[in-house]
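Student: let's see this in three dimensions:
(4 chains, ligands or ions: 4)
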Amino acid sequence: MKRGSTTKNASGSQGRLSGNASSSASKKIPPAMIASGLNGKKQGLRAEKPSALTRSSEVNRMVHAPTKAVSPLVKNGLAKKFRLDPELLVKIHDHMVKTRALEERMIKMFKQSDGYFWLGGPGEEAFAIPLGMNGKVGQGVQYDFWHLHYRSSGILMPMGLDPMGCIRQMKNVVADPHSGGRNFANHLSIREWNVVPITSTIETQYLTSIGSAIAQKQEAKDSLTVVTGGDAGTAEGDFASALVWSSRPGNELPLFMIVTNNSWGISTASCTQHGDKIIADRGKAFGIKTRQINGLDVEESWFAIREAMDYVRTERKPFLMEATVSRMYGHSSATGANLVAGEADPIATFEEQLAAADIMTPKEMSDLREEYNAQMMEMAKRVKEEPMPDPSTIYDYTYYGQKGRYW
Amino acid sequence: MKRGSTTKNASGSQGRLSGNASSSASKKIPPAMIASGLNGKKQGLRAEKPSALTRSSEVNRMVHAPTKAVSPLVKNGLAKKFRLDPELLVKIHDHMVKTRALEERMIKMFKQSDGYFWLGGPGEEAFAIPLGMNGKVGQGVQYDFWHLHYRSSGILMPMGLDPMGCIRQMKNVVADPHSGGRNFANHLSIREWNVVPITSTIETQYLTSIGSAIAQKQEAKDSLTVVTGGDAGTAEGDFASALVWSSRPGNELPLFMIVTNNSWGISTASCTQHGDKIIADRGKAFGIKTRQINGLDVEESWFAIREAMDYVRTERKPFLMEATVSRMYGHSSATGANLVAGEADPIATFEEQLAAADIMTPKEMSDLREEYNAQMMEMAKRVKEEPMPDPSTIYDYTYYGQKGRYW
Amino acid sequence: MATMVQALRMALHYGEENLGVKNIFGEDVGPPLGGVFTATQGLKTSWNSPLDERGIIGAAMGLAFAGSRCVAEIQFADYIYNTIDLLKLAGNQCWASNGMWNLPMTVMTPVGSGIRGSIYHSHSFDATMTHIPGWKIVMPSTPADAYGLLLSCLRDENPTMFLIPKALTRVRGEELLPGEPEEKELKAMIDAPLGDRSQWKARWPEIGDYSIPLSQAKICRSGNHVTVVSYGRTMPLCNQAADALAQEGISVETIDLRTLWPYDWSAIVSSIKKTGRVLYVNEDTEVTNFGEHLIRRTVDELFYELEARPRLLAGAFTPGVGLADPLEMASVPQLGSITEAIRELAHERA
Amino acid sequence: MATMVQALRMALHYGEENLGVKNIFGEDVGPPLGGVFTATQGLKTSWNSPLDERGIIGAAMGLAFAGSRCVAEIQFADYIYNTIDLLKLAGNQCWASNGMWNLPMTVMTPVGSGIRGSIYHSHSFDATMTHIPGWKIVMPSTPADAYGLLLSCLRDENPTMFLIPKALTRVRGEELLPGEPEEKELKAMIDAPLGDRSQWKARWPEIGDYSIPLSQAKICRSGNHVTVVSYGRTMPLCNQAADALAQEGISVETIDLRTLWPYDWSAIVSSIKKTGRVLYVNEDTEVTNFGEHLIRRTVDELFYELEARPRLLAGAFTPGVGLADPLEMASVPQLGSITEAIRELAHERA
Ligand SMILES: Cc1ncc(C[n+]2csc(CCOP(=O)(O)OP(=O)(O)O)c2C)c(N)n1
Ligand SMILES: Cc1ncc(C[n+]2csc(CCOP(=O)(O)OP(=O)(O)O)c2C)c(N)n1
Ligand SMILES: [Mg+2]
Ligand SMILES: [Mg+2]
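Tutor: Ligands and ions are numbered 1, 2, ... in the order given. Model prediction:
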């Protein structure tokens, strides 16, 4: 990879970010903290847990670095003119590839009968990774809370998600750190980072997100609550509840509501069910700031997310964002989990751009992919030897700290 | 009362009605049918059941009559220039007064311990009566369906609601035609007119309304479903569900959604809970036609309702209307059921206008009021002698047609 | 021999053609998928709804109010729990209007374990549902019963809840329905092809009006020593257990309740009067469980005829069924635990 | 002697001051009304929520996730039935995360008949709730118990469901709470005045940390012939019946379960071992009723110690409680029917 050899343009139509960021700085609100390290080293099998309080200045430096001269290597004006620092782009790419490698390994595991069910987020990486990287990560009300959809491995990857933990959940072994072999793949739960248990029940997370946002409104200065869900799910009344509760006059909540729109709910096309052609518009009647973005584009996502998060952090008011994403392997293993023709691949697009901008070479990128694929395969192999949960444990943790049958 | 002595102005800013109506006529869709007779006679104790298929031409004649010269009796320009025919205005007034007399009698019954609980619609008459008068009343999918809020006696009065039935329900006697003494006052149910049982469960009517509108979309040319509810209730997700389901692309429903906004949910002021300052705006993201009106004004209500209903009947698409109303006796008997200072009285306003326009004299109006009051008192007296339901009947009608204990 | 989903499909088709069914809807119920268990493939009135269970039940009620008979599906019973208030309303509208209204509507939803569905795709619904008055509730354990019971639901004037034991959806029946073509032929006629289905149309065999009255249990195995009452997924297991125990000289009478409410009490009474011993088996969690109602009634009416205490074998009272195989096995009744429970009951001294 | 709502108010105040309660919310819970039963008048952290029960329960869960202890009220239990999925989630989050998360939150809601609430203000919730794992469920029958149990709920690390028997909200207790001022004084201190309340502030008496451990039943009357187990509205009726029957020479032991889940089984066992006869009384509808669970367990563990069949007296299985007096009286247990049931049980030949 070639560092520092690319272009940077902070003055485009999306240039509101720096304005917002500096205004937030002037209000002495700490900027969003980056969730993952940036040292560019390939991470080992065991992801390090990042410290929530580090690296914010590092990110700021990269995002707000003075504009550099356009690289001579950008070809024919066709190549994207990146605004983000190459180092950051490379890091984002790294997380994207790692996330994809994890998901594709889990799909393979399903096909090899090492797990009963898969669903996840391939096609959402260009949006998910920037989202996760801009989180304020830690435990308790001073940090961001995450009420997430079941396609969110990409959001947590930059925070330091351990792929082995996901693979353990996929294989429902006892060492699964998210549910002890009780729950489906990608039903993640990480209390240290305020990631509340992901449930299958569509849209209920929009309800629970209200509560952590209330606590943050009352007790924290700059943490926020993120809630994500799919497009079809917005038909549930629970989505409307989040709009109502987050916009109560005088009691607006620091709630960042996100809809990842992949145009489908299982087999049902959105356009057959949704008169709300722009889902984000539903926030308008409530005076909620809204925006629809292309979540398949890394930089558009990055800047939109930064801007929205800055707004929510500083204004303590809600924001509703709709991001177009794709569903590359269809809904889940229940519908085959095969690559779906016509679904956009945000990593492929990003890699073309990175190559065209001479930030990474195709070879570097394929090496990286292969390395992650190998790591994931290795993990999947290891997990086969791990024990299942013991039947005697079925009652454990019905209550906090309780073990064994209690009645 | 003086007939024909008033003004009529069909060319004001709300003059879209005649355009719409004639366009509907040109599409050979029968116009809305009026629900109640217009012969101007005081009705006896037992309201006549009107025929659903009569009088439409009569109404049309009155509404679309050519503009007359302004009456010299209209004072100082302060008086309202009515656009509706005096005969119709008198009829509306009659229903309003009768409805009010019924509700006030039921309040008195509560205070005299002739009934455990009261809630109802004083303050909504200027909107409710025009709504009921424009219904297409009858049984089955070719007629309008009514999924109503618990303040709806005024909507049903022009259809021929029997006040004695309401008073019986208030006293929970066995002859209560709506629930056999099982349900609260104003929890009306009239299958002959497609009035589905009114339930206390806030907002669930917005869900059930979806179904009858689907049936009408599939099987009827010009009938529609009316659903009404309060402002606070729109915070329930069920309200959003009606928006979603009624606007499915290609499957839009003939659903007339109404929110009667009295600014309160029991003790809670709307402005403290609702970021959606105009509730009707919530329809916009769905491409639903919306309108906010002053439901305290008879003519504004009349024309807005006609226009909306014509649209729904002919276009077979939804309409969302928000009508400002008042809550003259507070929420219910649970909060005292006393006249609340500052709550607008739409009948008082209307009567001032009618007097100013020389359509009725104050004496005529107070005579009418007294006559209805006397009728209602007489009914309340009669009902005291009526028997309560028998305890042996508690299982009856758990299933259709079933009587007695069945298991 | 049709599978249960095939039988359901044929019954729904019969309903469309003969019983006035005008709408069959729910999440992914219409083309192209025809239901996540394929129960609604190829039907002419099936359509996809918004992802909104409350809307689905509400719409069904509204259709029923309008006299338009419908079948609404909730994709998994796990997702019906946000509609309990509506189910209570659907069950009370006739009563609340003192007999004025009736709601002819059918809700169907897959229930229970058996597909490694883990926490959110394994819930039972019989306990919660039997506590809601005003419905008729059925749960078949064979394709033929599924067909016949569904027809009766589609004829009923009241709301009917059709619980589909998801573990049995692909199990073939032993009985042929009248007019049912052989397996391959049936598949070719009514199973949607893989791949592009846009041109596909089902060809429906002529299955007659084979209906099974509601509130009629079925004796699956006759016996004298022990009565076992079950329904749904655990029913075939009870039958297998009975067959195995016959080898040990234990004569087990198994009863498929089929209609959970109002249920066939007289069938249970006759059997218990004969055996003096009864085991109720279901897989819902065991606290405030419908089997406990049946035990209570048994105690109420047959206490002095019992030779041993009446028993319940049901799901463990845990917040869910865990995904890992050992967890699911330990959480809900299996062949082993059923056999053991019957054996123990048979051997208990009177 | 405080009424139950006054006791609740004082317990909530204690919770705000000493147990970290930061939000008490629900429909009409904040000023000016302070709850439709006035249970939340004058509290410093109480506020009015949107009219949205799903939002209320969701918000409570989110607050609990954030470690912020709260009390959420559902105005009537009749309106909690659109949140059952959420209650199931609240009850499973610790288990689903294999012990990682806990949700310290309390939901309170008035239940049952007794105020002529008719179809939509008379529902019980104990049957449905006891079928949901992961919660602790309480239901007091006296002001002092209400105070003490609520404190324990507010200390618990798990979701707790506090059922308020609405018929008893204005009934005065027989015991004084430690530090409780006399009736008039208390009223002047903590009951909001009629009319304008905008300037009013409660003055709180110093009630101590009088808490009642969860899962501990209370023997209300000691006796040898019959055990009666109840809770909530029917509990005082059972005690009255016991007192009346004492005149007839029938010695009744009455047990107030107080915590419905996990309940005090050993208290029940000891009593039944003494009496050999038990009647369970509650007012929820009788099919798939929590009392049927208690009967099942009684049969499971004490079958051979029973001298008569164990009984349940519960609400009639109707879709609602009718408004008219004769209907309500016939639908749920009353003093007469309770007395009769105990008498019959006492007289049944062993
Ligand atoms: C409450 C609920 N209803 C139904 C389902 C079954 N279900 C699982 S995923 C899904 C579609 C979700 O579509 P969308 O919200 O667009 O999210 P996506 O899967 O496309 O990311 C459905 C219907 C569920 N899990 N929860
Ligand atoms: C689902 C539900 N929740 C709560 C209640 C209790 N309740 C009855 S009326 C009411 C306020 C309704 O306010 P609004 O919708 O504005 O109607 P209004 O009474 O003002 O006409 C409440 C909270 C209820 N009946 N149903
Ligand atoms: Mg989607
Ligand atoms: Mg209101």
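
Student: quickly note the distance from residue A:407 to residue C:322.
Tutor: Distance from residue A:407 to residue C:322, counting by CB to CB, to the nearest Å: 19 Å. Yep, even glycine has a C-beta here, placed from its N, CA and C like the rest.

Student: who has more neighbours out of those two?
Tutor: residue C:322 (31 against 12; other CB atoms under 10 Å in any protein chain shown).

Student: ligand 4 versus the more buried one, what's the distance?
Tutor: Distance of residue C:322 to ligand 4, given as CB to the ion, to the nearest Å: 46 Å.

Student: and that residue, what does it touch?
Tutor: A:172, A:180-182, A:389, A:394, C:118-119, C:328, C:331 (CB atoms under 8 Å, 6 or more residues apart in numbering or on different chains).

Student: list only buried entries from the residues you listed.
Tutor: A:172, A:180-182, A:389, A:394, C:118-119, C:328, C:331 (16 or more other CB atoms under 10 Å in any protein chain shown).

Student: as JSON lines, these with secondary structure and pLDDT would be great.
Tutor: JSON lines is the format used below for these (DSSP: H, G, I helix; E, B strand; the rest coil; pLDDT from 0 to 100):
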{"residue": "A:172", "secondary structure": "coil", "pLDDT": "98"}
{"residue": "A:180", "secondary structure": "coil", "pLDDT": "98"}
{"residue": "A:181", "secondary structure": "coil", "pLDDT": "98"}
{"residue": "A:182", "secondary structure": "coil", "pLDDT": "98"}
{"residue": "A:389", "secondary structure": "coil", "pLDDT": "98"}
{"residue": "A:394", "secondary structure": "coil", "pLDDT": "98"}
{"residue": "C:118", "secondary structure": "helix", "pLDDT": "97"}
{"residue": "C:119", "secondary structure": "helix", "pLDDT": "97"}
{"residue": "C:328", "secondary structure": "helix", "pLDDT": "98"}
{"residue": "C:331", "secondary structure": "helix", "pLDDT": "98"}
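
Student: quick check, the helix or strand where residue A:96 lies touching ligand 1?
Tutor: Per DSSP states H and E, residue A:96 falls inside helix A:86-111. No - judged by CB under 6 Å from any ligand atom, helix A:86-111 stays clear of ligand 1, getting no closer than 13.4 Å.

Student: between the contacts of residue C:322, which sits nearest residue B:367?
Tutor: Proximity of those to residue B:367 (CB to CB) peaks at residue C:119, which lies at 69.5 Å.

Student: how about the strands in chain C?
Tutor: Assignment of strands within chain C using DSSP state E yields the ranges C:21-26, C:46-48, C:69-73, C:105-111, C:136-138, C:160-165, C:218-221, C:226-230, C:252-256, C:259-261, C:278-285, C:311-315.

Student: walk me through which strands the second one pairs with, and which way each runs.
Tutor: Each strand that pairs with strand C:46-48, with its direction, by DSSP bridges: strand C:21-26 (parallel).

Student: and the strand it pairs with, does that touch ligand 1?
Tutor: No - remark: strand C:21-26 sits outside contact range of ligand 1, by CB under 6 Å from any ligand atom, the gap being at least 9.5 Å.

Student: I'd guessed residue C:168 sits against residue C:5; true?
Tutor: No - shown here, residue C:168 and residue C:5 do not form a contact pair, counting by CB atoms under 8 Å, at 9.4 Å.

Student: right, and residue A:384 touches residue A:114 too?
Tutor: Yes - counting by CB under 8 Å, residue A:384 touches residue A:114, with 6.6 Å between them.

Student: who has more neighbours, these two?
Tutor: Relative neighbour count places residue A:114 above the other of residue A:384 and residue A:114, with 18 against 11, counting by other CB under 10 Å.

Student: would you mind naming what in the stretch 51-200 of chain C lies close to ligand 4?
Tutor: Residues of the stretch 51-200 of chain C lying near ligand 4 by CB under 5 Å from the ion: none.

Student: if anything else comes up later, I'll come back, but that's it for now.
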